[in-house]
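**Student:** test case, fold it:
(one chain, ligands or ions: 1)
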Amino acid sequence: MSEATPVEDLTREDAAAELERLAKLIAEADAAYYQDDAPLMSDAEYDAARLRNAAIEARFPDLKRPDSPSDRVGASAQDGFTKAAHAAPMLSLENAFSDEDVADFVDRIRRFLGLSADEPIALTAEPKIDGLSLSLSYEKGRLKRAATRGNGDVGEDVTANARTLADIPAKLSGKDWPDFIEIRGEVYMTKQDFAALNAREEAAGRKVFANPRNSAAGSLRQLDVEITKSRPLRFFAYAWAAESAPFADSQHEAVNAFRRWGFETNPLMIRTTTVEGLLDTYRSIESQRASLPYDIDGVVYKVDRLDWQQRLGFVSRAPRWAIAHKFPAQKATTKLEAIDVQVGRTGSLTPVARLEPVTVGGVVVSNATLHNEDEIARLGVKPGDIVEIQRAGDVIPQVLRVVTDGGGKPWKMPDHCPVCGSEAVREIDDKGVADVRRRCTGGLVCPAQAVERLKHFVSRKALDIDGLGAKQIQLFHDAGVLKGPQDIFRLAAAIEAAGLPPLEEWEGFGKVSARKLFDAIDARRQVPFARFLNGLGIRHVGQTTSQLFARQFLSWETFWNTVVAAADEGEGGEAWAALVSIDGIGAAAVGALCDFEHEAHNRKMLAALLSEITIEDEARASTDSPVAGKTIVFTGTLERMTRDEAKARASALGAKVSGSVSAKTDIVVAGPGAGSKLKKAQELGVQTMTEDEWFDLIGA
Ligand code: IVH
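**Tutor:** Residues are numbered from 1 along each chain as shown. Here you go, the predicted model:
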């Protein structure tokens, strides 16, 4: 695995290792940025690392780390706030996704504390609020400072803003508070307040927020305190740190104390001593989810006894005594920032929604598929809209509907490939119905498709170059020496020009195999018409169609001149008619040929190829020859014609010429100096003959 391995190709193991690397990298970058004011990387690199992390988490939700950088969304730079170091780190929570995970959590606690099976473990269960966490420092009962989570160690000082919240007391009530304590909890906005705020913002022509969480975060982190003051922010207290003296023996007592001191605490918190109790609470809270006035994304369980919490301690950045039981895949709303177009390996164009990152089922989502242009039209979605998205399991998130029209311009699918600039077309079938997919007509010249196309070009039914398969194509492509099919015939020179060692020194090659490969390539400098045409990978022009054209036109030149004419004249012209009138050839194939010819870079690529190779004319009635369909191997020195010429003649007669002997070989033609191939043929009982016998056989 390397940093560049596409997320979809990562194994589970790779993914875990990569998440670890990214968590470390991003944490270091954050520290450099926040603590040292000395960024380690560019914003683009930082964003790329975060996006990759989010993409891996989307594929493997259960591998998400307790110290996941995704949990620190919003921690990015916001100029204008002073940094504030927390008295004790603000931790995150480990996630549970199933009932089993919850039972395991309780088992782990039991084992860690060495408790017997019948010892009850009291736990609290409460909703996990989908807002942003805030740490409030109280000294002698007075609010001294409020800080956002930031990277967990250092956040932003938002004291002035926090003071505007009615739920955050400036002075604690009662008396039983420690001299110093950091009260922690969640700033959130109710769904109703969020909707009303958005309506006001929209009416005023201002930016609307994607969801209550973003709205709460954006409202709290305002440089202008007056704006924060005008926003309906609320706060639930649920945790604490760095207290100067103990003030409770259990989690529930501590939360009761918060209430006495003047904080809001969540009314749904319960206490139970069984796993069943936790799961019942989870189900009950989940069933209330939609009707709760605020967004929640799971249920948090905490060991009630504080002495046990103390003993259990932490693993990396999460307590052993708490866990967040997440709700399953679900929907979220966010802003659709842009629609990008991706080109697949076979040329289909897929519109992808770039989203304002939003947490859906515990995973940060920043992309969603829009499938195709018809789907975009059906949804009526445009950049700038607030959309509802859905994520289920490992599947790519989808855009479900437009929630709020952002007033942007309608989006139009590009009619040219964003990667190579070739025309991108929707095919129309016999019934006049357009294909839902738009495809790039660039084929071999399109970098997005190059590797797949090259693999096809050298495949058995196309150029069939011995020793040059999918693996080698990938290798040469990755090494940067193979961009288009013409490069195959300039491989040695391209390797040298790239400053790479000669092929024989590459891993997996040697003098012999390198030589063999170059020989096999050279042997294909003369290639049968049909194989060549099939190799181009033009849509609807596969093996059979290529064969039909070859039989009809015999000469590549005549054929291609007709294609050029058809492309010029268009449908209805003479050349077009000549092509579609061939038995078995349809308008789709002819249309695709013309589309191909229309592209200047295709013409350039063809010219480059033809400067390297010769396309053999199709021999008439070649199937009648005695060697048609047979596999022939030439070995040793041929005296009556060159090896290339012999191969060309054999191919013209419908034989298949191969470079190596196997049980599938029909005839080995051996000249003087023949060695291992001849020996192998004899061992395998393959028919062998001299050059003269060969010419007798083919009647030359
Ligand atoms: S307890 C040491 N309780 O979830 C444990 N966290 O994924 C501290 N959160 O950063 C957290 N509701 O912002 C706790 N009832 C709740 C919560 C809660 C929401 C958030 C909090 C934390 C994140 C962890």
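
**Student:** can you give me the helices for the stretch 201-350 of the chain?
**Tutor:** Taking DSSP state H, counting those that start in this stretch as the test, the helices found in the stretch 201-350 of the chain are 212-220, 225-230, 251-261, 275-288, 306-312.

**Student:** who are the packing partners of the last one?
**Tutor:** In this case it means helix 306-312. Secondary-structure packing of helix 306-312 (3 or more C-beta pairs under 8 Å, 6 or more residues apart in numbering; DSSP states H and E): helix 99-113, helix 251-261, strand 296-303. For glycine as for every other residue, the C-beta is placed from the backbone atoms N, C-alpha and C.

**Student:** how about those in TSV, adding mean neighbour count, mean pLDDT and distance to the ligand?
**Tutor:** Listed next are the helices and strands packed on helix 306-312 as TSV, based on neighbours: other C-beta atoms under 10 Å; pLDDT from 0 to 100; distance: least, C-beta to the nearest ligand atom, whole Å:
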stretch	mean neighbour count	mean pLDDT	distance to the ligand
helix 99-113	15	96	14
helix 251-261	19	98	10
strand 296-303	24	95	4
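
**Student:** most tightly packed of the helices of the stretch 201-350 of the chain?
**Tutor:** Highest mean neighbour count of the helices of the stretch 201-350 of the chain: helix 212-220, a mean of 24 (counted as mean count of other C-beta atoms under 10 Å).

**Student:** list the contacts of that one.
**Tutor:** Here helix 212-220 makes contact (C-beta atoms under 8 Å, 6 or more residues apart in numbering) with 74, 130-132, 134, 148, 158, 161-162, 187-191, 193-194, 197-198, 209, 227-228, 231, 233, 294-295, 334, 356, 358-359.

**Student:** give me the buried entries from these.
**Tutor:** Taking 16 or more other C-beta atoms under 10 Å as the criterion, what is buried in the contacts of helix 212-220 is 74, 130-132, 134, 148, 158, 161-162, 187-190, 193-194, 197-198, 209, 228, 231, 233, 294-295, 334, 356, 358-359.

**Student:** could you list which of the residues you listed belong to strands?
**Tutor:** Assignment to strands by DSSP state E places the following of the buried ones among the contacts of helix 212-220 there: 132, 134, 148, 187-188, 334, 356, 358-359.

**Student:** between the residues you listed, which sits nearest Phe247?
**Tutor:** Leu134 (19.8 Å; C-beta to C-beta).

**Student:** beta partners of the nearest residue in space to that closest one that is not next to it in sequence?
**Tutor:** In space, and not counting its chain neighbours, Leu134 is closest to Val187: 5.1 Å by C-beta to C-beta, 6 or more residues apart in numbering. Val187 has these beta-bridge partners by DSSP bridges: Leu132, Phe235.

**Student:** closest point of the stretch 501-650 of the chain to the ligand, which residue?
**Tutor:** Going by C-beta to the nearest ligand atom, the ligand is nearest to Glu507 of the stretch 501-650 of the chain, at 45.6 Å.

**Student:** can you name the residues of this protein that neighbour the ligand?
**Tutor:** 71, 91-93, 126, 128-129, 133, 186, 238-239, 300, 319, 322, 324 (C-beta under 6 Å from any ligand atom).

**Student:** how does it look with 8 Å?
**Tutor:** Neighbours of the ligand within the chain, by C-beta under 8 Å from any ligand atom: 71, 90-93, 95, 126-133, 149, 184-186, 236, 238-239, 266, 296-297, 300, 302, 318-319, 322, 324.

**Student:** so which bits of stretch 310-328 are buried?
**Tutor:** Buried residues in stretch 310-328 (16+ other C-beta under 10 Å): 312, 317-327.

**Student:** neighbours around the closest residue to the ligand within the chain, how many?
**Tutor:** Taking C-beta to the nearest ligand atom, the ligand has its nearest neighbour within the chain at Ser133, 3.2 Å off. Applying other C-beta atoms under 10 Å, we find 20 residues neighbouring Ser133.

**Student:** that one contacts Gly185, doesn't it?
**Tutor:** Yes: using C-beta atoms under 8 Å, Ser133 is in contact with Gly185, at 7.1 Å.

**Student:** let's have the helices of the stretch 201-350 of the chain in CSV, adding distance to Thr642.
**Tutor:** Shown next, in CSV, are those (distance: least, C-beta to C-beta, whole Å):
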stretch, distance to Thr642
helix 212-220, 72
helix 225-230, 83
helix 251-261, 88
helix 275-288, 78
helix 306-312, 81
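
**Student:** nearest to Gly480 among those would be which one?
**Tutor:** Gly480 sits nearest to helix 212-220 of all those, at 42.2 Å, using C-beta to C-beta.

**Student:** report the distance from the closest one to the chain centre.
**Tutor:** Here helix 212-220 is found 28 Å from its chain centre; the criterion is C-alpha atoms, centre = their mean, to the nearest Å.

**Student:** ok, the closest residue to Asp130 other than its chain neighbours to Ile183 distance?
**Tutor:** Closest residue in space to Asp130, ignoring its immediate chain neighbours: Asp295 at 4.0 Å, by C-beta to C-beta, 6+ apart. Taking C-beta to C-beta, to the nearest Å as the measure, Asp295 falls 22 Å from Ile183.
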